[in-house]
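*Asks:* Model the structure of this input:
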Amino acid sequence: MNIFNAILQGVIQGLTEFLPVSSSGHLNIIQHITGMEEDNLFFSVMLHIGTLAAVVGVYVKLIFRLLKAFGLMVRDIFTGKFKWKEMDNERNMVMMLIIGLVPLFFLFLPIPGTDMRLKDLADLFSKSGYLIVVGLSLMTTGTLLYIGDRKNKKMTDLYKQKGVTRKGGAGRRKYTVTDALAVGFTQCAAALFPGLSRSGSTLVASELRGMNKQVALDYSFLLGTPAIVAAALLEGKDALFPKDGAPVTVDYWCVIVGMVVAAFVGFLAIKLFKWLLQTNRMIIFVGYTIGVGELITIISVIELVKGCNIFSGMPLQF
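*Replies:* Numbering: from 1, shown residues only. Below you'll find the model as predicted:
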């Protein structure tokens, strides 16, 4: 790996991790076309740390408020002063984030008749023979974004008809347990299918539940943060202590450059996403994901007929 490659991967990671276009889907497409496989797990882990820094950079004030609310809430629980119905917005967000993370444990359930767990389906669908899954998932992402956009516009029009003006736009600003679980299970589904955007699908899940779109986006990014940390810890262990005992070689300059680029681009991507959502320009992502998804699906069908990767000529892997 060289500096240019590190910069390129940092840009791709920073953009696709947060924009509703699926980072895993784009990584699979790039690897499929170029034949380049990611063989540096440690570098991949550090790129995730870079994108984590981007989330913290954008939401640093909110994160501090939530941490403070969590501490006070724990104190009230132990002193018997905690009351569910009297939670303010910060405490509600903390509690709903915790509940929204619970469905992630379902990813570790075993698949009957195999030695796989649910989370292993993502690796299976990443093989070249399943490129059609990426294409169909990208089209699903675009369809979901369109549905969410239409739902939000209808909700805004309904508020206007009723003469209701609310700072920050239409929709509820407090999550319920049902809302949090719906978004949490949606995040699980997005983790299984490369091409199904996590940020996009969880945003739409919130919008369909009637949540304010900006609150929904904030919730989506914050909900994804623990998942990024967990993935980094699990992959980091394998990266530093590989099962085959092979020595780990690290080009620290490339790692640092990749992390910085991923963090900077990720920061800008989050800001761009928030602006596009606020100004009702989500149709851009709808067109992009459906268009790319259709193209990839067509390519995959051709490859399935031929039985090989049309770019490299190698047999498809299943």
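*Asks:* F70: neighbour count?
*Replies:* In terms of burial, F70 registers 17 neighbours under the definition other CB atoms under 10 Å. Bear in mind the C-beta positions are built from the backbone N, C-alpha and C, glycine included.
*Asks:* Could you do N309 as well?
*Replies:* Neighbours around N309, by other CB under 10 Å: 19.
*Asks:* which non-adjacent residue is nearest it?
*Replies:* Excluding its sequence neighbours, the residue lying closest to N309 (CB to CB, 6 or more residues apart in numbering) is S128, at 5.6 Å.
*Asks:* what sits against the one you found?
*Replies:* Shown in contact with S128 (CB atoms under 8 Å, 6 or more residues apart in numbering): H32, E303, N309, M314, L316, Q317.
*Asks:* for the protein, which spans come out with low pLDDT?
*Replies:* Residue ranges of the chain with pLDDT under 70: 1, 36-41, 165-168, 235-250.
*Asks:* Centroid-nearest residue for it?
*Replies:* When CA atoms, centre = their mean is applied to the chain, the residue found nearest the centroid is R198 (3.3 Å).
*Asks:* circling back: which of the contacts of S128 has the most neighbours?
*Replies:* Neighbour counts for the contacts of S128 peak at H32, which has 22 neighbours (criterion: other CB under 10 Å).
*Asks:* Could you check how far that one is from T289?
*Replies:* Distance of H32 to T289, given as CB to CB, to the nearest Å: 17 Å.
*Asks:* do V21 as well
*Replies:* For V21, the distance to T289 (CB to CB) stands at 6 Å.
*Asks:* who touches both of those two?
*Replies:* By the contact definition CB under 8 Å, 6+ apart, V21 and T289 are jointly contacted by L138, T141, S197, G200.
*Asks:* Nearest residue to Y288 in space, please, no chain neighbours.
*Replies:* Spatial nearest neighbour of Y288, excluding adjacent residues (CB to CB, 6+ apart): V21 at 6.5 Å.
*Asks:* The one you found touches L145, doesn't it?
*Replies:* No - the pair formed by V21 and L145 falls short of the contact definition of CB atoms under 8 Å, at 9.7 Å.
*Asks:* so what's in contact with those two at the same time?
*Replies:* G200, F285, T289.
*Asks:* Out of those, flag the one nearest to Q13.
*Replies:* The shortest distance between Q13 and any of these, using CB to CB, involves G200 and amounts to 16.6 Å.
*Asks:* now that closest one, nearest residue through space, not along the chain?
*Replies:* Taking CB to CB, 6+ apart as the measure, G200 lies nearest to P20, with 2.8 Å between them; neighbours along the chain are not counted.
*Asks:* Hmm, A190 and the residue nearest to the centre of the chain touching each other?
*Replies:* Yes - with contacts defined as CB under 8 Å, R198 counts as touching A190 at a distance of 4.1 Å.
*Asks:* Report how many residues lie close to G313.
*Replies:* A count of neighbours around G313, defined by other CB under 10 Å, yields 9.
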